[in-house]
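Chemist: Pasting a predicted model and its sequence here:
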Amino acid sequence: MSSGTDTSGHSPLSRLDISRPTTIALAVGAIGVVFGDIGTSPLYAFREALTQSARDGIDASEILGVLSLALWSLILVVTVKYVLFLTRADNQGEGGVLALTALARRALGRRSRIALVLGAAGASLFYGDAIITPALSVLSAVEGLRTLPGIGAMVDERLILTLTIVILVALFVIQSRGTASVSNLFGPVCILWFLAIGGLGLWHIADEPSILRVISPHYAAVFLANHGVTGLFVLGAVFLTVTGAEALTADMGHFGRLPIQLGWFMLVFPALMLNYLGQGAFALNALEAAQAAGTPFTNQDWFFLMAPGQFRPWLVALSMLATIIASQAVITGAYSLTQQAIQLGLLPRLRVRQTSARHSGQIYLPSINWLLLVGVLVLVTQFRSSSAMAAAYGIAVTGTMVVTTCLAYIVVRHRWNWPRPTAILVVTPFLALDLIFFGANILRVVEGGWVPLVVAGIIALLIYTWVRGRGIVRTFEQRQSVPLADLAAALSRRPPERVEGTAVFLTANPNSAPGALLHNLKHNKVLHERNLVVSIRTADRPHVPDEERVATTEVDANFATVILTYGFMDSPNVPNDLGFAPSGVRMPMNPAKTSYFIGRNTIKPAAKQGMPLWQDRIFMFLQRNASDPTDFFKIPPGKVLELGEQVTV
């Protein structure tokens, strides 16, 4: 079967004849990983949206309007855009903003810079989301302790913050051990979670069946028409109901399109709809009771109060488990996104550790892990409540959604070859919806929305500095380069001293003599019996099969060029892959007599050329803290020689 996405946009995985037990197992796994974030939104989304309309009191029309907006957000943004449309825009089964970026770059060819810029922006915004999600979801679950009968009055802010910090620190500390041993529990726990929240909602709908009328978009439209600017603030808070939708495409490579769609339509979507309807019905009953008693009606923690007092402790405990799982999914998503960014050249090499011998996708990046923990703890200690933090949540997610929609247009227009009018007709409504939500969330910048924007801005600056700095270094190396064929011909006429064994020279351009080779000839005045000039490429697809990974070309009896091609989700292993020719025949290499030469230039800042001085220093910091290439490429440290020169940036 051919690989890649065909012109119809179907994923190869979706065309496989998957057996029913396998599909069900994948759907269960998807429920535990893909839907964790969006599945915990009922903890705070309806409450926060209603808070935005409560400045002059809350009446029944506002409850109905907010609820209708929430339901139609789930229908239009998640169901139509992501589940039915964007899950088809996969890159050999892989999804997410950078997988879509790689697909768009391949479709645009030489005009791929716009796709790269969009991808970098989307990745930057994702990191803002990755910091906020664990903080907000765990904090909102712990706040449920306040609703427990008998002990709720004793639960103060200090206890909530302490318990939240303990849970979050423990979550990040265990990342280095991997999650393979507990990940099998994610699906069953989340299934129990969705059944519980759906059942709670159904119970309260039975008390107020008239709440079902909000399924009509009329209530949402009337609410927005009558509330002006306040309606936009409410719309920004309503967006909290769809946060986590990006995970539906980001985790396609692990589960496939069909299991994700089954999980959404068979369990997750009905459970969320029932729970929001139940919260609305419960709020309407509370409003009617307050009016009958002549007491003021106040917005409350509707999610936890829906449960009877004797069952509420179990709901709080279950919500804590669900939010931990949701946080875990976002953390591992940040690892995967970083690995893709490194392979695509957007970030410097970072240390990547495999945490599972069976699943290559389970990785751990220490630097990303601890940076995320610091960011999460800062948010928790500064905002101190889920209500205060909710204002910071939507901007990063809506910004990523705008980027995803723009990349989707490139794919359907240039990859699937849809006619321009058709592509515009299909994508424009999604883009308009994203921009409306983005504009509504921008209004909340001063309330906390500046946080993800600052995080995204810092990441974007690092990406831009790294890409530009690497471009300057590459230009310098090209100016100093000598064609490999010319050097090989000259050495064959006047051969230097020869030493036994194989020399492997890593370089970005296999047609030019690597700087390390030239320095070795200049200073050591020797040439090995066999010399391999190796270039490592990253394909615009997630994985490259072993039989397609190695391409060799003989230059002469002394030199051969080797191109190793990896997917953007593959982990390079140069010594292992160099041992096999494209046909699978072992190449004549003796590991004990093989030396690896790596060019490592010394970076020197310059105020009047290249980048500004402050940017030079950022690039130098990134260069110094990048993972050692021997570690990244799995090269034995004792076999490496580093040679280079000074480069001014």
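Modeler: Cool, the structure landed.

Chemist: Where does the prediction get shaky in the stretch 51-200 of the chain?
Modeler: Where the stretch 51-200 of the chain drops to pLDDT under 70, the residues are 179-183.

Chemist: can you give me the helices in it?
Modeler: Under the criterion DSSP state H, counting those that start in this stretch, the stretch 51-200 of the chain carries helices at the ranges 60-73, 97-108, 113-142, 157-173, 180-183, 186-207.

Chemist: what's the helix or strand that contains residue 455 packed up against?
Modeler: Using DSSP states H and E, residue 455 falls within helix 450-480. Using 3 or more Cβ pairs under 8 Å, 6 or more residues apart in numbering; DSSP states H and E, the elements in contact with helix 450-480 are helix 113-142, helix 394-410, helix 613-625, strand 646-648. (Each C-beta comes from the backbone N, C-alpha and C, glycine too.)

Chemist: From the chain's centroid, how far away is the second one?
Modeler: It refers to helix 394-410. Computed by Cα atoms, centre = their mean, to the nearest Å, the chain-centroid distance of helix 394-410 equals 13 Å.

Chemist: what does the helix or strand just after it rub up against?
Modeler: Using DSSP H and E, the helix or strand that follows helix 394-410 in sequence is helix 420-442. Outside of helix 420-442, the residues within contact range by Cβ atoms under 8 Å, 6 or more residues apart in numbering are 76-77, 81, 85, 232-233, 235-236, 239, 394-395, 398-399, 401-402, 405-406, 408-409, 412-413, 418, 449.

Chemist: one step back: the helices and strands packed on helix 450-480 into JSON lines, with extra columns for mean neighbour count?
Modeler: Converted to JSON lines, these look like this (neighbours: other Cβ atoms under 10 Å):
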{"stretch": "helix 113-142", "mean neighbour count": "25"}
{"stretch": "helix 394-410", "mean neighbour count": "25"}
{"stretch": "helix 613-625", "mean neighbour count": "16"}
{"stretch": "strand 646-648", "mean neighbour count": "14"}
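
Chemist: Out of the ones you listed, the one nearest residue 493 is which?
Modeler: strand 646-648 (31.2 Å; Cβ to Cβ).

Chemist: Tell me which other helices or strands the helix or strand where residue 372 lies touches.
Modeler: Using DSSP H and E, residue 372 sits in helix 366-383. When contacts are defined as 3+ Cβ pairs under 8 Å, 6+ apart, helix 366-383 packs onto helix 113-142, helix 157-173, helix 312-343.

Chemist: go again using 6 Å as the cut-off
Modeler: For helix 366-383, the contact count by 3 or more Cβ pairs under 6 Å, 6 or more residues apart in numbering; DSSP states H and E identifies helix 113-142, helix 157-173 as packing neighbours.

Chemist: who does the last one touch, helix- and strand-wise?
Modeler: Contacting helix 157-173 under the criterion 3+ Cβ pairs under 6 Å, 6+ apart are the following elements: helix 113-142, helix 366-383.

Chemist: Show me the one of those helices that comes nearest residue 464.
Modeler: Across the helices and strands packed on helix 157-173, residue 464 has its closest neighbour in helix 113-142 (7.4 Å, Cβ to Cβ).

Chemist: now the helices and strands packed on helix 366-383 as JSON lines including distance to residue 50?
Modeler: Formatted as JSON lines, the helices and strands packed on helix 366-383 follow (distance: least, Cβ to Cβ, whole Å):
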{"stretch": "helix 113-142", "distance to residue 50": "15"}
{"stretch": "helix 157-173", "distance to residue 50": "21"}
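
Chemist: now for the ones you listed, which one comes closest to residue 542?
Modeler: helix 113-142 (14.3 Å).

Chemist: Give me the below-cutoff pLDDT ranges for the stretch 351-500 of the chain.
Modeler: 356-361.

Chemist: any chance you could map the helices in the stretch 201-350 of the chain?
Modeler: If DSSP H, counting those that start in this stretch is used as the criterion, the helices of the stretch 201-350 of the chain fall at 218-238, 247-250, 252-255, 257-263, 269-293, 302-305, 312-343.

Chemist: Over to residue 244: give its phi and psi.
Modeler: Phi and psi for residue 244, reported as degrees, to the nearest 10, are phi 110, psi 0.

Chemist: Then residue 393?
Modeler: Main-chain torsions, residue 393, degrees, to the nearest 10: phi -80, psi -40.

Chemist: and the residue nearest to it when sequence neighbours are not counted, how far is that from residue 44?
Modeler: Distance criterion Cβ to Cβ, 6 or more residues apart in numbering; nearest residue to residue 393, sequence neighbours excluded, is residue 132 at 5.3 Å. Distance from residue 132 to residue 44, counting by Cβ to Cβ, to the nearest Å: 12 Å.

Chemist: what's the answer for residue 611, then?
Modeler: 43 Å.

Chemist: could you dump the helices of the stretch 51-200 of the chain to TSV with distance to residue 550?
Modeler: What follows is these, written out as TSV (distance: least, Cβ to Cβ, whole Å):
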stretch	distance to residue 550
helix 60-73	49
helix 97-108	21
helix 113-142	27
helix 157-173	38
helix 180-183	30
helix 186-207	37
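
Chemist: if we compare the ones you listed, which one ends up closest to residue 214?
Modeler: helix 60-73 (4.2 Å).

Chemist: who touches the closest one?
Modeler: Helix 60-73 is touched from outside by 49-50, 53, 214, 217, 219-220, 223, 238, 241-242, 276, 280, 283-284, with contacts defined as Cβ atoms under 6 Å, 6 or more residues apart in numbering.

Chemist: Just the angle for it relative to helix 218-238, thanks.
Modeler: Taking axes from the mean of the first three to the mean of the last three Cα atoms, to 10 degrees, one finds helix 60-73 and helix 218-238 inclined to each other by 70 degrees.
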